[in-house]
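Using only what follows, build the 3D model:
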Amino acid sequence: MKINEVRQRAFAMPLTSPSYPPGPYRFVDREFFVITYRTDPEALRAVVPEPLKIIEPVVKYEFIRMPDSTGFGSYTESGQVIPVEFEGQKGSYVHAMYLNDDSPIAGGREIWGFPKKLAEPSLTTEKDTLLGTLDYGPVRIATGTMGYKHKSLDLGKVRDSLEQPGFLLKIFPHVDCCPRVCELVRYYLTDLNIKGAWSAPAALDLHHHALAPVADLPVLEVLSGVHILTDLTLGLGEVVYDYMKD
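I've put the predicted structure just below:
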């Protein structure tokens, strides 16, 4: 293969059979189960990178079922996002995500910088209960429960929350293990078709694990539980801060 051919074909690894196709990526019937809880502000300050600013000591724990996604197929994801502010703009910092499919792990990390690791999350309906779980190997590290569709929510307010930007810390090492890329990335969810949104009583249990430290942001008080069903497009990101330039 000639040098020019390499340049023309290079998109993602491996060169001749990339782990995922180019985006953007459309998700159909994407199901969110989000538990918002109050946590230790010192624990938050230890994990949120400047120049992002913490708004309040709150974490959103997510279980997300994605049965139909362009290029990525069908998979489930679970993790923590933190409400933040960047240059006066409110959004969410994605702190940790765990999922069960190699393609979106590779694509999420390489394109945007999503902090994804391999694990076994699930989101199911068990009789009158929405149930989210996360296992890292054989260890259960998160269990979320919520009543099933107790109260419908204002879809306009739900849309406003989903349209806020997300922020990611994208890190790529050089061959000597020093950082070659270290950037703050902003992305948006677009083309939203919200099919329903509900609230109900919710509970969340987190357990310690050395390699999946979700419990390092402890649950002090559960504030709300939300269940959302929507179609959306995950837009490509933009770099808003380059740590290597400073």
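
now the residue nearest to D191 when sequence neighbours are not counted: how far from T129?
Nearest non-adjacent residue to D191, counting by CB to CB, 6 or more residues apart in numbering: T233, 4.3 Å away. Using the backbone N, CA and C atoms, a C-beta is placed for each residue, glycine as well. Computed as CB to CB, to the nearest Å, the T233 to T129 distance reads 31 Å.

Looking at the two, which is more packed in?
A count of neighbours by other CB atoms under 10 Å puts T233 above the other of T233 and T129, at 17 against 13.

Any idea what the more buried one is bridged to?
Listed beta-bridge partners, T233: R26, T190 (assigned using DSSP bridges).

which residues sit in contact with T36?
Counting by CB atoms under 8 Å, 6 or more residues apart in numbering, T36 touches 58-61, 222-226.

out of the residues you listed, which are buried?
Neighbour counting with 16 or more other CB atoms under 10 Å marks 58-61, 222, 225-226 as buried within these.

Adding pLDDT and distance to D191, write the residues you listed out as TSV.
Output for the buried ones among the contacts of T36, formatted as TSV (pLDDT from 0 to 100; distance: CB to CB, whole Å):
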residue	pLDDT	distance to D191
V58	98	28
V59	98	27
K60	98	22
Y61	98	26
V222	98	31
G225	98	26
V226	98	21
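
between these, which is closest to D102?
The closest of those to D102 turns out to be Y61 (CB to CB; 23.6 Å).

can you tell me which residues contact that closest one?
Y61 makes contact with 34-37, 78-80, 142, 144, 204, 206, 214, according to CB under 8 Å, 6+ apart.

how does it look with 10 Å?
The contact partners of Y61, taken as CB atoms under 10 Å, 6 or more residues apart in numbering, are 33-37, 39, 78-81, 96, 132, 134, 142, 144, 202, 204, 206, 214, 217, 219, 222, 225.

Likewise for A200?
Shown in contact with A200 (CB under 10 Å, 6+ apart): 128-130, 145-151, 224-227.

quick one: which helix or strand includes the residue lying closest to S78 once chain neighbours are set aside?
Leaving aside its sequence neighbours, S78 sits nearest to P121 (CB to CB, 6+ apart; 3.6 Å). Secondary structure assignment for P121, by DSSP states H and E: strand 120-126.

Describe which strands that strand pairs with in its sheet and in which direction.
If you go by DSSP bridges, strand 120-126 pairs up with strand 129-136 (antiparallel).

Under the pLDDT cut-off, which ranges of the chain? List them.
For the chain, the stretches with pLDDT under 70 are 246.

just the helices in it please.
Here the chain has its helices, by DSSP state H, at 3-9, 41-45, 102-107, 155-162.

Single out the most deeply packed of the ones you listed.
Of all the helices of the chain, helix 102-107 carries the top mean neighbour count, a mean of 20, counting by mean count of other CB atoms under 10 Å.
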